[in-house]
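Novice: Sequence and computational prediction follow.
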Amino acid sequence: MTEPLTTPGEGFHPHLHDAPNSASAPLRSRLHHIRADALDGDTAQSGGMRRFAAVSGNTVGSEKLWMGQTHVAPSTASSDHHHGESETAIYVVSGHPEFVFLDDSGEGEDGEEVRLRTSPGDYIFVPPYVPHREENPDPADEAVVVIARSTQEAIVVNLPKLYALSDPEES
């Protein structure tokens, strides 16, 4: 027997409907199903890419987590930016996006540019406040990644340029 698919916003047990006059369950006492076609594009953005929220304070009432997708068009680079206090984990779904940051442990006065070239199945970790950008050098296919952040919403601080972030433990 096949269970019916849930609809966005329904709890885990869609076949157990509330009584006609009962109040719906609180957001924190049920699982939430967010369909791929129901992602929220009304999020913080950087030029050259498009972010879509799946799990956030706005979509499901999360308090400590944001998760969604980012699409980087072919032959495109995002604006330089950081994500404030958020720790960010990135999973590459498709394409070969590149992640660029400046490392101050090199010889250069302004830091040395480091470029992380990725493939589907790879992960990237971005610590809080580290300036970076995403690039998609492929001229034909967009790159798609799944993002998880340690804050309720997608913090994006756009910057005029990259700069090296010193290790706070070295100060």
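Specialist: Thanks, I have it.

Novice: which residues sit in contact with the residue nearest to the spatial centre of the chain?
Specialist: Nearest to the geometric centre of the chain sits I147, at 2.8 Å (CA atoms, centre = their mean). Residues near I147 by CB atoms under 8 Å, 6 or more residues apart in numbering: R51, W66, M67, G68, Q69, T70, T88, A89, I90, Y91, A154. In this view, the C-beta of every residue, glycine as well, is placed from N, C-alpha and C.

Novice: Let me know the secondary structure of it.
Specialist: strand (DSSP: H, G, I helix; E, B strand; the rest coil).

Novice: Can you tell me which of the contacts of I147 has the most neighbours?
Specialist: The residue in the contacts of I147 with the most neighbours, by other CB atoms under 10 Å, is W66 (27 neighbours).

Novice: Now that residue: closest residue in space, sequence neighbours ignored.
Specialist: Of all residues not flanking W66 in the chain, R149 sits nearest, at 4.1 Å (CB to CB, 6 or more residues apart in numbering).

Novice: wouldn't the one you found be in contact with S62 here?
Specialist: No: R149 is beyond contact range of S62, at 10.2 Å (criterion: CB atoms under 8 Å).

Novice: Which one of the two is surrounded by more residues?
Specialist: More neighbours surround R149 than the other of R149 and S62, with 25 against 19 (other CB under 10 Å).

Novice: Would you mind measuring from that one to P139?
Specialist: Per CB to CB, to the nearest Å, R149 is found 30 Å from P139.

Novice: for E98, same thing?
Specialist: 14 Å.
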